[in-house]
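Q: Next comes the sequence, and after it the predicted model I'd like to discuss.
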Amino acid sequence: MLKNSSAGNAHSVSDLSEELTQVFFKAIQDQDANTVRQLLMDHNKTALTQARWKAPMDVAHYPSGAEVYAFRLLGAYLGPLTGLQFSILIGQDGIAKDILDATFVQDIDATYGGGNTALQMAVVLEASTIIKALLERGADKNRENDRGFSALSMASNPALLGESVEEEGEE
């Protein structure tokens, strides 16, 4: 079993053990919300929420129904993901919310791949519960990725981002 760090949040992300990182991401992958919550409580939650993992391609990929849309707007390259990003990608909304609750505001818009944020991923995957939670925590819906798309410009339904939809021809 992993030992709890007595220094708590005094440790940096680089101090996070590879073993703990693997256990954290494995728990996300296995849909083990209890273990994810326990790790966030018992260990340096800042380091865990900032930790990145390069998941194998058979685990970390856009769902087939959203793949073409995601490739066009987000790009095909995922790269190392945070736990929040990984849990959104694999559809673990409950775990994503737990991780989001433990994440500092300044880390919510952390990027992966081509400058994409968790909110942009959630919009492309139409994860409405996570979109709402990210916006409530201060995610930036206007931040553009490397392709020049913001979450707002990606949204097939702008109402998901709290935007009113004007009828064509209205002034």
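A: Sure thing, it's come through. Please read these numbers as outputs of a predicted model, since none were measured by experiment.

Q: contacts, neighbours, all on C-alpha from now
A: OK.

Q: how about the longest helix along the chain: buried residues?
A: As assigned by DSSP state H, the longest helix anywhere in the chain is helix 18-29. By 16 or more other Cα atoms under 10 Å, the buried positions in helix 18-29 come out as 20-21, 23-25, 27-29.

Q: Okay, the residue sitting nearest the centre point of the chain and Y69: tell me how far apart.
A: Most central in the chain under Cα atoms, centre = their mean is Q85, positioned 2.3 Å from the mean C-alpha point. Separation of Q85 from Y69 (Cα to Cα, to the nearest Å): 17 Å.

Q: what ranges do the strands span in this protein?
A: 52-53, 81-82 (DSSP state E).

Q: what is the mean pLDDT for the last one?
A: If I follow you right, that is strand 81-82. Across strand 81-82, pLDDT averages out at 96.

Q: With the first one instead?
A: Average pLDDT, strand 52-53: 92.

Q: ditto for stretch 143-150
A: Stretch 143-150 shows a mean pLDDT of 97.

Q: Just the buried positions in it, please.
A: For stretch 143-150, by 16+ other Cα under 10 Å, it's 143-145, 149-150.

Q: How about stretch 131-139?
A: 131-135, 137, 139.
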